[in-house]
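Novice: Below is the sequence, then the predicted model.
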Amino acid sequence: MNLRKLTIAASVSAIGLAAALVSPAVTAAEEQFFPVLAYRTGAYAPNGTPWANGFVDYMKLTNARGGVNGVKMLWEECETGYATDRGVECYERLKAKHGGATAVQPLSTGITFALTEKAPVDKIPVITAGYGRSESQNGAVFGWNFPLIGTYWSGADVLVQHIAKKEGGFDKLKGKKIALVYHDSPYGKEPIALLQERAKMHGFELSLLPVAHPGVEQKATWLQIRQNKPDYVFLWGWGVMNSTSLKEAQATGYPREKMYGVWWSGAEPDVKDVGEGAKGYNALAMQHGAEPNAKVVKEVLEKLHAKGQGTGPKEEVGQVLYMRGLISSMVQTEAVRVAQGRYGKGKHITGEQMRWGLENINLDQKALDALGFAGVMRPVHTTCIDHLGSGFARVHTWDGKKWNFSSVRGGPESPASDGDAGLGQVRGRKEDHAAHSGRLQEVTQG
C-alpha cells in the first residue's frame, strides 16, 4: 500500500472514530431539561435570587449524585423580572429546547395564570410549590397544574386557625378586625375569597388594603391601619414590599407581634434590614424554615460550595428562600424518578410522562430522610385528583436576629395527630375549600 492510500485509510479511520465519539447513541447520557424562570434583577431580586440559587443547586447536587438513575439534569435560566409578559416570552423561547421542557416552575402567580392554558396544549406540567392558582390543586379540573406542598387558600386558612387558637376558639373571632395588606397582583389577590368566606363564618371584619407594585409607597395604607386599629394584620407581600410594611408598622406603632405574613413574606431578606424593628413579627413557614443543620444543606456545602461550584453565596445556603428553591427542585427531581419507574429507569421522560410522575409522588419519611430532608419537611403524596400533596404549615417568629418556630400543633378545628390537610377532596371552588378548611393544620417541628 503506497503512502497516499495509507493516508486516506488513516483519515477514514479517524473520521469514523470521531463519528463514534460524538454519536449520541454511543456517548450522550440521557438528560432532563428544566427551564429556570428566574428574576435576579429588579425590585424582587433580593427574594427571587436565593430561590433560584437553591433551585439550581439541587439540580447540580442531583448530577453530583449521579443523576436520576444516570439521567442528568439540564437547565437554562431566563430572566423574567417577575413580569408576566417576560415570563411568557421566556417560556416560549425555552419550552422546545434540548428535546423539550420536562416541566416549568414560573415562580410567579401572574405567569402561572398565563401558562395554565398553554400547558395542556404543550403537554408541559406547571409546578407551583406554594404559589399559583389555589384551585388548581384539583387535578380533575387542572390536569397540568401542580401547586405542590401549599396553596394560598391553605396559607390563609392556617393563619385564621392560628389566631383563633390564640384567641381561645373561632367564636372569639366575632367582632375582631383583620386587615389584609396585599400586593395588588394575582398573587396578592389569591387569599381574598377564602378570607371573605371565613369572615362570614366567624363574624370578623375583614378590610382589604392593596399595595401597588413594587410596594415602596405604603404611607396611606398604614394611615388607614392606624385609624382603624385592626386586631391583626395579614401581610401578603413580596420583595421590598415586606420590609417596607415592617418599617411602616414600626413608624406608626403597630405591634409587630400582631402581624402575620404568608410564607413569601417570612424570609431573611424581608427582615434583615429592619432587624430589631421587626422583632415579634410572625410569618408562615411552608413545611420548612431556615434549615442550616439539615443533612442536604451539609451535602450541598460539601459537594458544591467546597469545590467552588455553588450557584450563590455560601452564607445563604440553608436560609428560608434558598431552602424553598431546593425543595421545589427536589420534588420535580423525584417526580422524574417516579416516572422512570413506570416508563423506564435511566430513560429520558416526556412532559406527559412527567405529569404521571407528578400525580404519583409518594415521598414518605424514609424517602425524605434518605434525600437529606429529615426534620425539614413532612411526607408528600399526590394523586390524579390531589395535585397538592401536603398542606402543612408552621408559624415562625423573628426575634431580631433569626427565625424561630412558634406555632402549636394542630388547628382549632382539626385533630392534632398527623397534620394531614386532606385537600384532595376540594372540588376546585373557593366555597368548597372554605367548607373543608377546618381540615387544614399548622404544625410544629415535633
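Specialist: Good, I have the coordinates. Residues are numbered from 1 along each chain as shown.
Novice: Residues contacting stretch 363-376, please?
Specialist: Contacts with stretch 363-376, where a contact means C-beta atoms under 8 Å, 6 or more residues apart in numbering, come from 287-288, 291, 294-299, 323, 327, 330-331, 334, 377-381, 445. (Glycine included, C-beta is placed from N, CA and C.)
Novice: Pull out the buried members of the residues you listed.
Specialist: Buried subset of the contacts of stretch 363-376 (neighbour count, 16 or more other C-beta atoms under 10 Å): 287-288, 291, 294-297, 323, 327, 330-331, 334, 377-380.
Novice: Hmm, which of those is lowest in pLDDT?
Specialist: For the buried ones among the contacts of stretch 363-376, the weakest pLDDT value sits at Gln287, with 87.
Novice: That residue reaches Gly391, doesn't it?
Specialist: No - counting by C-beta atoms under 8 Å, Gln287 does not reach Gly391; the two are 9.5 Å apart.
Novice: Break this protein down into its domains, please.
Specialist: Using automatic domain parsing, the domain ranges for the chain come out as 31-150+291-376, 152-285+392-439.
Novice: okay if I get those domains as CSV plus distance to Ile385?
Specialist: Listed next are the domains of the chain as CSV, based on distance: least, C-beta to C-beta, whole Å:
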stretch, distance to Ile385
domain 31-150+291-376, 5
domain 152-285+392-439, 5
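Novice: Return the member of those domains having the minimum mean pLDDT.
Specialist: Note on the domains of the chain: domain 152-285+392-439 shows the lowest mean pLDDT, a mean of 85.
Novice: among the buried ones among the contacts of stretch 363-376, which are in helices?
Specialist: Among the buried ones among the contacts of stretch 363-376, the members found in helices (DSSP state H) are Lys295, Val296, Val297, Met323, Ile327, Met330, Val331, Glu334.
Novice: which one among those gets closest to Ser265?
Specialist: Relative to Ser265, the closest of those is Met323; by C-beta to C-beta it sits at 15.7 Å.
Novice: and that closest one, what does it touch?
Specialist: Met323 touches Gly54, His288, Gly289, Ala290, Glu291, Ala294, Val297, Val376, counting by C-beta under 8 Å, 6+ apart.
Novice: can you give me the helices for the stretch 101-250 of the chain?
Specialist: All helices of the stretch 101-250 of the chain, identified by DSSP state H, counting those that start in this stretch, fall at 109-116, 119-122, 152-167, 186-189, 192-202, 219-228, 240-252.
Novice: Counting by contacts, list what the helix or strand just after the last one packs against.
Specialist: Along the chain past helix 240-252, the next helix or strand (assigned with DSSP states H and E) turns out to be strand 259-261. Secondary structure elements in contact with strand 259-261, counted by 3 or more C-beta pairs under 8 Å, 6 or more residues apart in numbering; DSSP states H and E, are helix 152-167, strand 232-236, helix 240-252, strand 282-285.
Novice: Export those as TSV, with columns for mean neighbour count.
Specialist: As requested, the helices and strands packed on strand 259-261 are exported to TSV (neighbours: other C-beta atoms under 10 Å):
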stretch	mean neighbour count
helix 152-167	24
strand 232-236	26
helix 240-252	22
strand 282-285	27
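Novice: right, and the helices of the stretch 101-250 of the chain - which one's nearest Gly351?
Specialist: Of these, nearest to Gly351 by C-beta to C-beta is helix 119-122, at 7.2 Å.
Novice: Same question for that closest one: list its buried residues.
Specialist: Here helix 119-122 shows Ala119, Asp122 as buried, counting by 16+ other C-beta under 10 Å.
Novice: What are the neighbouring residues in contact with Gly48?
Specialist: Shown in contact with Gly48 (C-beta under 8 Å, 6+ apart): Ala38, Tyr39, Arg40, Tyr82, Leu107, Gly239.
Novice: Return the distance of the strand or helix carrying it from the chain's centre.
Specialist: Following DSSP H and E, one finds Gly48 within helix 45-64. Offset of helix 45-64 from its chain centre (C-alpha atoms, centre = their mean, to the nearest Å): 12 Å.
Novice: how near is the residue nearest in space to the middle of the chain to Ala220?
Specialist: By C-alpha atoms, centre = their mean, the mean C-alpha position of the chain lies nearest to Ala129, the distance being 3.5 Å. Distance, Ala129 to Ala220, using C-beta to C-beta, to the nearest Å: 34 Å.
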